[in-house]
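Undergrad: no sequence for this one, just the structure:
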Ligand code: HEM
């Protein structure tokens, strides 16, 4: 079985080069103990719901979530999943959330665009009509869409959380940061256009949790991790069963192999 | 090596078929009764593993193509849609993306096996050459496939690679424009890459058939490198090697499933989750891991054209390898010098991969400071240069010379003798 060992080493080597290609931020993201990290970790439903609230009340002012429809919130593994509503379009919480958005639709019979209440099938509307408008409102910087942000940044969830908590550091001596830029120790280049978005108590959590800055950063990061990888729970469940199947199958084949070759020197 | 066919059709229908299209006979002779050396080790299971992965890539790819939209405005979102909304799209997409990596892992093991056991030597030169053709096609397919999701690395990778063609004198610019279908990587490029990416795997499948045909004429090599001499040297492919290959395939699938289900994105690059933007260049443009050694060779020389020629030369030299290695001894088990040069060659290939992932000017280790106070030391550029030199020296100097210098160890008289030792029937002196 030396082969297997060589194999495992090769796989590990690949995994390492895969992650070693990151850009170099000023400080390495602080490691956080997420419930969803680790091979069988799952999301914390309450944290996802609180995180969605933070996204909606704070981040959504500037950042879109264009890959997501409201109905995704009620999917298996999503923040508002309810087993009583396997079809998320029927989920009353999802319908309520969607209905609070006004969505532009049309053209109608006479060719005019009109606004209507959102339904679960609608996508999250973007905060700006286009990128130019987004830049114009943000001093030239483009607030990125957050649908896949946790996958799109080296460091993943740890990086997003660190960035949100990274405004408290002072710039190093002689490092000038001209307003409206801010200093953020975790941002590549360390000068960031986004103002510190989280202020103690700025969200009143529906579940009564105290909205400290760290609590909000944790929650919204967990929500964004789900948004980037909404099939994580399903994938890990099916993955576990697949591995069990494959191990049993490999065992059967191993004994078949022993049996077939039992009288043959090789 | 396949002797007279032992297939006997048993039913009226199979007799009727056999007289018209002896396809069952072909299958029987190739995969049931085929005489296979009894001493093959697990390094010989990777051909079968590759065949399985080629099928996985084709099947998952066809399903992905049903949902993918090859247009610069929609490609990125369509891949996200596959991950989120297509039934089991997350699984199919992850299998296809990781499957490419695993195919390269398997093909590198398969090729190093060939290098170590001298599988490329007479009478298997053409078998090896067909393999190199497959390898080149695989790289083309993988490169174009990586462009399709239209992320930042897709776009900029396509930019870097197509610009290499522009380095060719006189015709470079014209060829590059022809490849692009315009004046830059754009929608026309994406469309043709999709078309070719769909085509190439079927071409690979065709060449694999030739590869296996060329394998079945001389028969498998084996770890002792002595040719099959008699019945005692071989076993029928089925059930002996069907069961051994099946076991190896499933073990490899376990590793594959580990990545697909528990780390589907670690082999990719975070930047490819950012939609392609021709105005923003990523900080480091790097290819996928399996192309990194060639990327290092490309950047090892200061001259762009020189780098391009070296990079293509690094693959081209494989075509003539059967005639560069002058040793009559196939297996490095019996080549006390060559085996160490081989081990070093494998290490060098891994180091080159490392160099390809790093910035050439960064230091592997630092030695001190220069007058201006900057760190000085041994840079990845120089590691890549040394690696490149050894890579070519291995094929162009070491293997040709070793055949004359090296004193091979004594080889067994036959496969049977190698396996059974003293218990083997003695060949008549
Ligand atoms: C899709 C890719 C490929 C497939 C499906 C494939 C398939 C196979 C199979 C089924 C075998 C017999 C079993 C074994 O020896 O593992 C084989 C043997 C061989 N292959 Fe490949 N192959 C592929 C790529 C390559 C490449 C890229 C090379 C070299 C550049 C190569 C060189 C060889 C050689 C030399 C042998 C004979 C080994 C021996 O018996 O000593 N193959 N291949």
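TA: Happy to help now that I have it. Only a predicted model underlies this, so the values are computations on that prediction, with no experimental measurement involved.
Undergrad: phi, psi for whichever residue of the stretch 201-350 of chain B sits closest to the ligand please.
TA: Closest residue of the stretch 201-350 of chain B to the ligand, C-beta to the nearest ligand atom: residue B:221 (2.6 Å). Where you see a C-beta, it was placed from the backbone N, CA and C, and this is true even at glycine. Per-residue torsions, residue B:221: phi -70, psi -170 (degrees, to the nearest 10).
Undergrad: isn't residue B:415 right up against residue B:35?
TA: No: between residue B:415 and residue B:35 there is no contact under C-beta atoms under 8 Å: 11.1 Å.
Undergrad: quick one: common contacting residues for those two?
TA: B:228, B:234 (C-beta atoms under 8 Å, 6 or more residues apart in numbering or on different chains).
Undergrad: ok, residue B:137 - contacts?
TA: Listed by C-beta under 8 Å, 6+ apart, the contact set of residue B:137 reads B:200, B:203-204, B:207.
Undergrad: re earlier: tally of neighbours for the residue of the stretch 201-350 of chain B closest to the ligand?
TA: Neighbour count for residue B:221, taken as other C-beta atoms under 10 Å in any protein chain shown: 26.
Undergrad: in what helix or strand does residue B:177 lie?
TA: Using DSSP states H and E, residue B:177 falls within helix B:172-180.
Undergrad: and that helix, how far from the chain's centre?
TA: 27 Å (C-alpha atoms, centre = their mean, to the nearest Å).
Undergrad: next one: stretch A:153-168
TA: 12 Å.
Undergrad: next one: stretch A:255-266
TA: 50 Å.
Undergrad: residues contacting that stretch, please?
TA: B:38-39, B:235, B:239-240, B:243-244, B:247, B:419-420, B:423.
Undergrad: what do you get if the cut-off is 7 Å, keeping everything else the same?
TA: With C-beta atoms under 7 Å, 6 or more residues apart in numbering or on different chains as the test, stretch A:255-266 has contacts from B:38-39, B:235, B:239-240, B:243-244, B:247, B:419-420.
Undergrad: hang on, the earlier thing: packing partners of the helix holding residue B:177?
TA: If you count contacts as 3 or more C-beta pairs under 7 Å, 6 or more residues apart in numbering or on different chains; DSSP states H and E, helix B:172-180 packs onto helix B:152-165.
Undergrad: redo that, cut-off 10 Å
TA: Counting contacts by 3 or more C-beta pairs under 10 Å, 6 or more residues apart in numbering or on different chains; DSSP states H and E, helix B:172-180 packs against helix B:152-165, helix B:187-216, helix B:304-324.
Undergrad: ok, the helix or strand hosting residue B:249 near the ligand or not?
TA: Here residue B:249 sits within helix B:237-262, counting by DSSP H and E. No: Helix B:237-262 lies out of reach of the ligand by C-beta under 6 Å from any ligand atom, never closer than 8.1 Å.
Undergrad: sorry, back to before: which one of the helices and strands packed on helix B:172-180 lies nearest to chain A?
TA: Chain A lies closest to helix B:152-165 among those, at 8.9 Å (C-beta to the nearest C-beta).
Undergrad: now the closest one, how far from the chain's geometric center?
TA: On the basis of C-alpha atoms, centre = their mean, helix B:152-165 sits 21 Å off its chain's mean C-alpha point.
Undergrad: that helix to helix B:187-216, inter-axis angle?
TA: Computed by axes from the mean of the first three to the mean of the last three C-alpha atoms, to 10 degrees, the angle separating helix B:152-165 from helix B:187-216 equals 80 degrees.
Undergrad: show me what counts as buried in helix B:152-165.
TA: B:152-159, B:161-162, B:164-165 (16 or more other C-beta atoms under 10 Å in any protein chain shown).
Undergrad: run through the neighbouring helices and strands of that helix.
TA: So helix B:152-165, by 3+ C-beta pairs under 10 Å, 6+ apart, packs with helix B:75-84, helix B:125-147, helix B:172-180, helix B:187-216, helix B:292-298, helix B:304-324.
Undergrad: I'd like the average pLDDT over the fifth one.
TA: In this model, helix B:292-298 has a mean pLDDT of 96.
Undergrad: secondary structure element holding the residue in the stretch 51-200 of chain B positioned nearest to chain A?
TA: Residue nearest to chain A within the stretch 51-200 of chain B: residue B:90 (4.2 Å; C-beta to the nearest C-beta). Residue B:90 is part of helix B:89-116 when elements are defined by DSSP H and E.
Undergrad: packing partners of that helix?
TA: Secondary-structure packing of helix B:89-116 (3+ C-beta pairs under 10 Å, 6+ apart): helix A:2-19, helix A:232-260, helix B:46-67, helix B:75-84, helix B:125-147, helix B:237-262, helix B:304-324, helix B:338-357.
Undergrad: near chain A, anything from the last one?
TA: Yes: contact between helix B:338-357 and chain A, assessed by C-beta under 10 Å from any C-beta of the partner chain, occurs at B:350, B:353-354, B:356-357.
Undergrad: any buried residues in stretch B:235-245, and which?
TA: Residues of stretch B:235-245 classed as buried by neighbour count (16+ other C-beta under 10 Å): B:235, B:237, B:239-245.
Undergrad: give the burial count for the nearest residue to residue B:395 once chain neighbours are set aside, as a bare number.
TA: Setting aside the residues directly before and after it, residue B:395 is nearest to residue B:317 in space (C-beta to C-beta, 6 or more residues apart in numbering or on different chains), at 4.8 Å. Residues near residue B:317, counting by other C-beta under 10 Å, number 16.
Undergrad: kindly report the same for residue B:123.
TA: Look at residue B:123: counted by other C-beta under 10 Å, it has 14 neighbours.
Undergrad: backbone torsions only: list them for residue B:378.
TA: Torsion angles, degrees, to the nearest 10, at residue B:378: phi -90, psi 110.
Undergrad: residue contacts, residue B:340?
TA: By C-beta atoms under 10 Å, 6 or more residues apart in numbering or on different chains, the contact set of residue B:340 is residue B:332.
Undergrad: again with residue B:144
TA: B:154, B:158, B:161, B:189-190, B:192-200.
Undergrad: from these, pick the one nearest the ligand.
TA: Within these, the smallest distance to the ligand is 11.2 Å, found for residue B:200 (C-beta to the nearest ligand atom).
Undergrad: touching, the closest one and residue B:194? I think so.
TA: No: using C-beta atoms under 10 Å, residue B:200 makes no contact with residue B:194, being 11.3 Å away.
Undergrad: mutual contacts of those two, please.
TA: Going by C-beta under 10 Å, 6+ apart, residues that sit against residue B:200 and also against residue B:194 are B:144-145.
Undergrad: ok, for residue B:248, nearest residue in space, not its chain neighbours?
TA: Nearest to residue B:248 is residue B:45, by C-beta to C-beta, 6+ apart, at 3.5 Å.
Undergrad: so how far is residue A:239 from the closest residue to residue A:42 other than its chain neighbours?
TA: In this structure, residue A:42 finds its nearest non-sequential neighbour in residue A:233, 5.2 Å apart by C-beta to C-beta, 6+ apart. Separation of residue A:233 from residue A:239 (C-beta to C-beta, to the nearest Å): 10 Å.
Undergrad: now do the SS call for residue B:368.
TA: Following DSSP: H, G, I helix; E, B strand; the rest coil, residue B:368 is assigned to strand.
Undergrad: distance between the ends of stretch A:252-266?
TA: Terminal residues of stretch A:252-266 lie 21 Å apart, using C-alpha to C-alpha, to the nearest Å.
Undergrad: chain center to that stretch, what's the gap?
TA: The answer for stretch A:252-266 is 48 Å, by C-alpha atoms, centre = their mean.
Undergrad: pLDDT averaged over that stretch, what's the number?
TA: 94.
Undergrad: understood, closing this out.
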